[in-house]
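S.K.: need a structure here:
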Amino acid sequence: MKRFLIVGTVLILAIAGLVWSGIRLGDIARAVALVGWGILLAILVRYALTLMLAYSSWVIMPRDQRPKFHQSAAIRIVRDTVNTLLPTTQIGGDIVAARLMTFCDLTAPMAAAGVVVDLFLQVVTQFIFTLGGTLLLLQLGADPSIIRTVVTGLLIAVPLLVAFYFIQRMGFGALLVTALKKLAGGKEWTAFAATDAFYAALARIRERRQAMLVSAATHLAAWIVGCAEVYVIFGFMGHPVTWAEALVIESIGQAVRGAAFAVPGAIGVQEGAFVLLCGGFGIPAEAALALSLIKRIADVAIGLPGFWFWYRFEGGNKSAPARSL
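M.R.: Predicted coordinates:
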């Protein structure tokens with residue numbers, strides 16, 4: 001019964017998200033007709049990217065606090081499913097991922113620390129990816145107004161990245177915990193002990209410098225692989241783009257989607273960004289909208305097994321799904 005309640009709730013939320021998004025079936029049908037069987041290649045690219053991101057989150061974990069790789073892959077798929085298909089903000093999947101990691105015999109502090117570090121590396125590498133796309137945009141001679149908008153976004157992102165970095169530092173965590181303990185009269189509350197364990201887990205992960213570098217490099221490689229989605233989709237639509245143009249569209253499109261993290265699925269924001277960017281390369285708005293819709297179809301292709309994996313993790317005996325996935 002518990003499993004049916006979980007699955008039913010998730011499906012209702014997913015349907016509500018699709019209705020709320022205002023995406024019409026006719027638009028989807030036209031997009032599929034434009035791309036043809038190239039949509040299968042786009043979905044394969046998305047799965048390759050997802051597996052690379054799963055490896056990035058898996059490799060940073062200490063060996064005694066690391067799920068099996070197939071479990072990490074399943075958790076990454078669930079994480080992306082929640083972030084893209086459910087009507088929640090785009091950080092809900094990260095919270096769900098931390099919870100599911102505890103079903104794989106990880107401690108809660110280590111699971112939370114792993115997600116935080118992985119999210120930080122993801123944001124940093126996306127920034128580098130977007131910076132590379134912006135430099136290419138300058139070389140390709142894009143509209144100055146587009147360049148100004150992108151550069152402004154990058155400048156705003158810098159202090160946010162710095163703040164994110166220092167929030168994770170052990171020194172800040174130790175000072176915060178010490179102050180809270182003093183305010184509490186020196187009593188060792190459970191919450192404070194959990195905070196100590198969380199920062200200790202962060203320190204263990206950060207000590208694995210080689211693994212951190214491998215994770216960052218894999219993240220960056222995954223974003224570059226994702227450009228193949230744009231390259232393939234436009235190629236099959238009869239609007240071929242160069243690899244440089246695909247990188248610009250993908251990198252800045254990802255940045256816009258990330259900046260709109262408070263908007264479920266970045267509905268409307270993603271579409272507007274693609275129309276604006278693609279217009280600079282002479283690609284009609286209809287094709288740009290088709291690109292966005294095909295990307296959302298790829299989201300669904302990830303999401304269908306994602307809902308199943310989530311069902312397997314959450315349902316029944318919590319330890320059983322982790323072993324049977």
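S.K.: what are the boundaries of the helices in the stretch 1-150 of the chain?
M.R.: 2-21, 25-35, 38-59, 69-85, 92-101, 108-139, 144-168 (DSSP state H, counting those that start in this stretch).
S.K.: and the stretch 201-325 of the chain, by the same measure?
M.R.: Secondary structure of the stretch 201-325 of the chain by DSSP H, counting those that start in this stretch: the helices cover 209-237, 243-259, 269-279, 285-314, 319-324.
S.K.: out of those helices, which is closest to Leu137?
M.R.: When the helices of the stretch 201-325 of the chain are ranked by distance to Leu137, counting by C-beta to C-beta, first place goes to helix 243-259 at 5.1 Å. (C-beta placed from N, C-alpha, C; glycine too.)
S.K.: just to revisit the earlier point, tell me which of the helices of the stretch 201-325 of the chain is the most buried.
M.R.: With neighbours defined as mean count of other C-beta atoms under 10 Å, those peak in mean count at helix 243-259, which reaches a mean of 22.
S.K.: could I get the pLDDT score of Arg169?
M.R.: The model reports Arg169 with a pLDDT of 56.
S.K.: mean confidence for stretch 113-122?
M.R.: When pLDDT is averaged over stretch 113-122, the result is 89.
S.K.: on that earlier part again, can I get the helices of the stretch 201-325 of the chain in CSV with mean pLDDT and distance to Ala112?
M.R.: Converted to CSV, those look like this (pLDDT from 0 to 100; distance: least, C-beta to C-beta, whole Å):
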stretch, mean pLDDT, distance to Ala112
helix 209-237, 93, 17
helix 243-259, 82, 21
helix 269-279, 74, 28
helix 285-314, 87, 17
helix 319-324, 46, 17
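S.K.: can I get those in CSV with distance to Thr50?
M.R.: Rendered in CSV, the data for the helices of the stretch 201-325 of the chain read as follows (distance: least, C-beta to C-beta, whole Å):
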stretch, distance to Thr50
helix 209-237, 8
helix 243-259, 14
helix 269-279, 18
helix 285-314, 6
helix 319-324, 19
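S.K.: my guess is Gly133 contacts Val248. True?
M.R.: Yes: distance between Gly133 and Val248: 4.7 Å, which falls inside the contact criterion (C-beta atoms under 8 Å).
S.K.: burial of Gly282, as a residue count?
M.R.: 9 (other C-beta atoms under 10 Å).
S.K.: what residues are up against it?
M.R.: Applying C-beta atoms under 8 Å, 6 or more residues apart in numbering, one finds that Gly282 lies in contact with no residue.
S.K.: least confident of the helices of the stretch 1-150 of the chain, on average?
M.R.: Across the helices of the stretch 1-150 of the chain, the stretch with the lowest average pLDDT is helix 2-21; it has a mean of 50.
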